[in-house]
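Q: Structure for this input, please:
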Amino acid sequence: MEIPPKSPDESDKSPQFKELLTSNTASTLCISSRSESVWTGTSRSKWDIYHKPVIVISVGAAIFLFGIVITSLSCILTTNQKVYKMCGPAFLSLGLMVLVCGLVWIPIIRKKQKQRQKSQFLQSLKSFFFN
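A: Numbering: from 1, shown residues only. Okay, here's the model as predicted:
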């Protein structure tokens, strides 16, 4: 009589197969794809919503003011006047660009907040009528 071949048990399986079985990439992707506040619906404070644009506006204003100081130094001081005349406008333009980016970011966040509120309202209406 011939003995049938053994079926592979857990010890005979390859490490790649074990890794595939224990992997939970689908749940990881769902968690990392969106922030938790979207899923849970908890409201966030104004600082949590607007802290990034406020920081960008502050940095842009500081760079812009530094550019004003450097440019005014080119008018007052006679030593290194060429350096001040080159660096001053560069800091002015860089600071103004960062400042405007932060100022434009705030209305974009407000628009997204309104869209999110409308979407949540429509979802609640849909669940009310279809459930």
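
Q: Now do the helices in this protein.
A: 15-22, 25-33, 36-40, 46-76, 81-130 (DSSP state H).

Q: Can I get the ones you listed in TSV including mean neighbour count and mean pLDDT?
A: All C-beta spots, glycine's among them, are computed from the backbone N, C-alpha and C. Conversion of these to TSV gives the following (neighbours: other Cβ atoms under 10 Å; pLDDT from 0 to 100):
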stretch	mean neighbour count	mean pLDDT
helix 15-22	9	54
helix 25-33	9	48
helix 36-40	10	49
helix 46-76	15	93
helix 81-130	13	89
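
Q: Quick check: closest non-adjacent residue to residue 88.
A: Among residues not flanking residue 88 along the chain, residue 71 sits closest, at 3.2 Å (Cβ to Cβ, 6 or more residues apart in numbering).

Q: Also residue 62?
A: In space, residue 62 is closest to residue 95, 7.3 Å off (Cβ to Cβ, 6+ apart).

Q: Over to residue 58?
A: residue 102 (8.0 Å).

Q: cool, and residue 52?
A: residue 105 (7.4 Å).

Q: That neighbour contacts residue 53, correct?
A: Yes - at 4.0 Å, residue 105 and residue 53 qualify as touching, with contact defined as Cβ atoms under 8 Å.

Q: okay, stretch 93-102 in PDB with CA atoms only?
A: Listed next in PDB are the C-alpha coordinates belonging to stretch 93-102 (Å, rounded to 0.1, in the frame of the first residue of the first chain):
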ATOM      1  CA  SER A  93       9.400  88.800  -2.500                       C
ATOM      2  CA  LEU A  94       9.900  85.500  -0.600                       C
ATOM      3  CA  GLY A  95       8.000  86.800   2.400                       C
ATOM      4  CA  LEU A  96       5.200  88.200   0.300                       C
ATOM      5  CA  MET A  97       4.800  84.800  -1.500                       C
ATOM      6  CA  VAL A  98       4.600  82.800   1.700                       C
ATOM      7  CA  LEU A  99       2.300  85.400   3.300                       C
ATOM      8  CA  VAL A 100      -0.100  85.300   0.300                       C
ATOM      9  CA  CYS A 101      -0.100  81.500   0.300                       C
ATOM     10  CA  GLY A 102      -1.200  81.500   3.900                       C
END
